[in-house]
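S.K.: What follows is a predicted protein model with its sequence.
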Amino acid sequence: MFDRFAVESALAAEVSALEEVLLGLSETEVVLPTRCVPWDVAALSVHTVGSLHQVMVALEGEAPSVSEPLVSAAGYYVPEVRFSPEVNAARVEGAVERAARREDAAEPGRVLRESWRALGRRLADESADRRIVTRHGDPMLLTDFLVTRVVETVLHGWDLADALGREPWTAGAAVEVVHGVVFGAVDPRELRRVLPDLAGPGGASAAVRAVTGRSDSPVDRAALEAAGVRFLALG
């Protein structure tokens, strides 16, 4: 169970840092390639900003029935319909098209600023037990959906930082949220056994990077899955 205040605080910090980066991008930087092929920095920025907007979209929709079983933050990343080839293709093409229509390099930053301003006001009025339905039809607690937005912002923040050749701006609180999604079901002693070089103090970022394909550290996927590590299906 994630704490709503901690999740919102972590997300707010990540959005603030990302906004500053996006507002300062040059036209040369936004066409740099990223590991999220075929997206360049502009398209990845558009996608990351758009993923946050989905919270407002969900809040504007109808709440699910109280009898419907809820999808957890980790369950959101199970490779089903929302990460099918068809959905991924639409996601990729949509971001490329929106990026191509940008007014200038800083446009995603301005969109992020306005989106978060509106969302921050809305979240202040939402109860801790608020339920939403995602665009893929997942009934979720709002808190758990916000956790997935932290995941998106952290992972794509690393992707953007790496593409731009900058030091990551991701803060520890947000990394801990993502670490909880990926490693929350793993006994700490078991984690130290299967990831001996990454499980110590300060190793949260390295561990998450390793199991999400964002580092050169080799991992034994079978051993990690057997230990309870969640490998997230990412679009």
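M.R.: Great, that's in hand.

S.K.: When you work out contacts or count neighbours from here on, use the C-alpha atoms and nothing else.
M.R.: Fine.

S.K.: residues contacting the residue nearest the centre of the chain?
M.R.: In the chain, the residue lying closest to the centroid (Cα atoms, centre = their mean) is residue 152, at 1.0 Å. Contacts were defined as Cα atoms under 8 Å, 6 or more residues apart in numbering; by that measure residue 152 touches 48, 51.

S.K.: which residues of the protein score low on pLDDT?
M.R.: 81-84, 198-202, 235 (pLDDT under 70).

S.K.: Select the longest helix from it.
M.R.: If you go by DSSP state H, the chain has its longest helix at helix 142-164.

S.K.: which residues of this protein fall in helices?
M.R.: Using DSSP H, the helices of the chain run over 4-23, 41-60, 85-100, 107-123, 142-164, 172-183, 188-194, 204-211, 221-227.

S.K.: Deepest-packed of those, please.
M.R.: helix 142-164 (a mean of 23; mean count of other Cα atoms under 10 Å).

S.K.: ok, for residue 229, nearest residue in space, not its chain neighbours?
M.R.: residue 183 (5.2 Å; Cα to Cα, 6 or more residues apart in numbering).

S.K.: Check whether that neighbour really touches residue 226, as I assumed.
M.R.: No. Using Cα atoms under 8 Å, residue 183 makes no contact with residue 226, being 12.0 Å away.

S.K.: Centre of this protein to the edge, which residue is at the far end?
M.R.: Outermost residue of the chain (Cα atoms, centre = their mean): residue 67, 27.8 Å.

S.K.: contacts for stretch 165-184?
M.R.: Here stretch 165-184 makes contact (Cα under 8 Å, 6+ apart) with 6-7, 10-11, 13-14, 17-18, 73-74, 147, 150-151, 154, 157-158, 161-162, 204-205, 207-208, 228-232.

S.K.: actually stretch 133-151, not the one I wrote
M.R.: With Cα under 8 Å, 6+ apart, stretch 133-151 has contacts from 2-4, 7-8, 10-11, 14, 51-52, 54-55, 58, 61-64, 68-73, 76, 81-82, 128-132, 174, 177-178.
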